[in-house]
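Novice: what would the 3D arrangement of this be:
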Amino acid sequence: MPSASAGRPTAPAATTAVRPTSAASPVAGLPAWLTGKDLEVMPTQEEEEIALTFDCGSDAGGAASILATLGATRTAATFFLTGAFVDRYPGIARQVAAGYRIGNHTTSHVSLTTLDDAGVRTQVTAAQQQILAVTGVDPRPWFRFPNGDRDSRTIADVNRSGYAAIRWTVDTLGWKGTSGGQSVATVRERVLAAARPGAIVLMHLGANPDDGTTLDAEALPGVIAALAARGYTFVDLDTMLGQ
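Specialist: Alright, predicted model coming up:
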């Protein structure tokens with residue numbers, strides 16, 4: 001994990017959230033404060049904590065580079081896997097699960113707001129079974145909505161399946177590729193502009209389907225170095241559970 005060797009983060013003190021105290025939840029295994037919401041910022045008692053998260057719902061074009069960078073810098077991260085991804089790339093899925101925290105990203109990356117409650121449960125529980133069968137790791141309690149599409153009903157459905165919904169503080173937009181007007185520089189600058197205590201950064205493991213670029217993978221070394229220079233350390237989402 002990069003050391004906080006260059007002072008405190010530049011975000012103002014007012015942005016620092018304090019981790020809520022534990023309370024009983026109607027959902028087994030979930031703290032009450034994690035239910036009924038799609039969390040955009042981690043409550044943190046350490047001003048320098050930030051979470052890098054990677055969605056794995058398409059191909060694995062950036063996987064080798066991203067895993068090499070995280071390994072070389074000893075950087076914690078959380079990966080959200082779809083069932084389709086683990087079935088298509090079982091070796092990569094096992095590699096990810098062996099070294100990093102994983103979460104559930106549904107079976108087929110469908111927008112859950114288009115489904116009824118039974119359909120939502122199927123997408124979530126089937127993915128859980130696929131991920132567990134391939135990696136041997138239970139993705140609970142972390143879940144991310146495909147495309148960020150959610151409402152109070154689908155959040156409640158996900159909670160009832162034992163998951164806390166995790167959104168993001170900043171989307172790098174690296175997934176848009178150069179054909180979508182992005183670059184390694186824009187990815188890096190978006191992250192740095194949004195950096196704050198408890199920030200959740202959304203990146204993607206795959207390549208842009210049109211131009212084949214893997215901007216998040218290419219930008220990752222610079223992102224890590226720049227955030228570490230500001231005094232940030234990197235945590236996975238389990239830090240919110242006190243683990």
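Novice: rest of the way, CA atoms for contacts and neighbours
Specialist: Noted.
Novice: buried residues of stretch 109-124, list them for me.
Specialist: 109-110, 112-113, 120-121, 123-124 (16 or more other C-alpha atoms under 10 Å).
Novice: could you do stretch 179-196 as well?
Specialist: 182-184, 186-192, 194-196.
Novice: same thing with stretch 139-147?
Specialist: 139-146.
Novice: state which strand of the protein is the longest.
Specialist: strand 49-56 (DSSP state E).
Novice: avg pLDDT for the helix or strand just after that one?
Specialist: The first helix or strand that comes after strand 49-56 along the chain, using DSSP states H and E, is helix 63-73. For helix 63-73, the mean per-residue pLDDT is 98.
Novice: if we can go back for a sec, closest to Leu34 among the buried residues of stretch 109-124?
Specialist: Closest approach to Leu34 among these (C-alpha to C-alpha): Val124, at 17.4 Å.
Novice: can you list the low-confidence ranges for this protein?
Specialist: 1-28, 45-46, 243 (pLDDT under 70).
Novice: apply 50 and report the result again.
Specialist: 1-26, 243 (pLDDT under 50).
Novice: among the buried residues of stretch 109-124, which ones are in helices?
Specialist: 120-121, 123-124 (DSSP state H).
Novice: dump those residues to CSV, plus distance to Gly61.
Specialist: Listed next are these as CSV, based on distance: C-alpha to C-alpha, whole Å:
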residue, distance to Gly61
Val120, 28
Arg121, 29
Gln123, 24
Val124, 25
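Novice: dump the residue contacts of the residue nearest the centre of the chain.
Specialist: Geometric centre of the chain, nearest residue: Thr53, 2.9 Å, by C-alpha atoms, centre = their mean. Neighbour list for Thr53: 77-80, 200-203 [criterion: C-alpha atoms under 8 Å, 6 or more residues apart in numbering].
Novice: buried subset of those?
Specialist: Using 16+ other C-alpha under 10 Å, the buried members of these are 77-80, 200-203.
Novice: okay if I get those residues as TSV plus distance to Gly212 and secondary structure?
Specialist: Below are the buried ones among the contacts of Thr53 laid out as TSV (distance: C-alpha to C-alpha, whole Å; DSSP: H, G, I helix; E, B strand; the rest coil):
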residue	distance to Gly212	secondary structure
Ala77	24	coil
Thr78	23	strand
Phe79	21	strand
Phe80	21	strand
Ile200	25	strand
Val201	22	strand
Leu202	19	strand
Met203	16	strand
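Novice: closest to Glu48 among those residues?
Specialist: Closest to Glu48, out of all of the buried ones among the contacts of Thr53 and judged by C-alpha to C-alpha, is Ile200, at 12.4 Å.
Novice: if we can go back for a sec, let's have the buried residues of stretch 109-124 in CSV, adding distance to Arg88.
Specialist: Shown next, in CSV, are the buried residues of stretch 109-124 (distance: C-alpha to C-alpha, whole Å):
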residue, distance to Arg88
His109, 14
Val110, 17
Leu112, 22
Thr113, 25
Val120, 22
Arg121, 22
Gln123, 17
Val124, 18
